[in-house]
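In: Below are the sequence and a predicted model for it; my questions follow.
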Amino acid sequence: MDDFLAEGNAAIGLIDLIRQGNANVVGITAAIEKYFQGGHEKIEKMGIPVYCPASIKEFKDNKPVFYL
């Protein structure tokens, strides 16, 4: 669980640590994500599902535009 997912580097580092401990990662979740920064896709390409209740598609006029 993370507060914010952007490029996914923190989550990928955590996945690596968990795997070094011979444990399995069944999913990653974050409270909010900037989907357009690619972290979601990087993690899913690793075969790990990503769950985020609030996903920002883009910023328009300095305001977030969420996927509905």
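Out: Arrived safely.

In: Setting aside sequence neighbours, what's the nearest residue to Ala31?
Out: Asp3 (5.2 Å; Cβ to Cβ, 6 or more residues apart in numbering). Backbone N, C-alpha and C define where each C-beta goes, glycine included.

In: And the helices in the protein?
Out: 9-20, 39-45 (DSSP state H).

In: buried set for the last one?
Out: Of the residues in helix 39-45, 39-40, 42-43 count as buried by neighbour count, 16 or more other Cβ atoms under 10 Å.

In: Mind putting those residues into a markdown table with pLDDT and distance to Pro64?
Out: Shown next, in a markdown table, are the buried residues of helix 39-45 (pLDDT from 0 to 100; distance: Cβ to Cβ, whole Å):
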| residue | pLDDT | distance to Pro64 |
| --- | --- | --- |
| Gly39 | 97 | 16 |
| His40 | 96 | 15 |
| Lys42 | 97 | 21 |
| Ile43 | 97 | 21 |
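
In: Could you work out the most separated pair of the residues you listed?
Out: Using Cβ to Cβ, the two most remote members of the buried residues of helix 39-45 are His40 and Lys42, lying 7.4 Å apart.

In: what residues do these two have in common as contacts?
Out: Gly8 (Cβ atoms under 8 Å, 6 or more residues apart in numbering).

In: per-residue confidence for the residue sitting furthest away from the middle of the chain?
Out: Computed with Cα atoms, centre = their mean, the maximum C-alpha offset from the centroid of the chain is found at Asp61, amounting to 24.0 Å. Here, the pLDDT recorded for Asp61 equals 97.

In: Against Lys34, how distant is it?
Out: 16 Å (Cβ to Cβ, to the nearest Å).

In: Could I get the buried residue list for the worst-scoring helix or strand of the chain on mean pLDDT?
Out: Ranking every helix and strand in the chain by mean pLDDT, DSSP states H and E puts strand 2-5 at the bottom, with a mean of 92. By 16+ other Cβ under 10 Å, the buried positions in strand 2-5 come out as 2, 5.

In: what's the answer for stretch 24-34, then?
Out: For stretch 24-34, burial by neighbour count (16+ other Cβ under 10 Å) applies to 25, 28, 30, 32-34.
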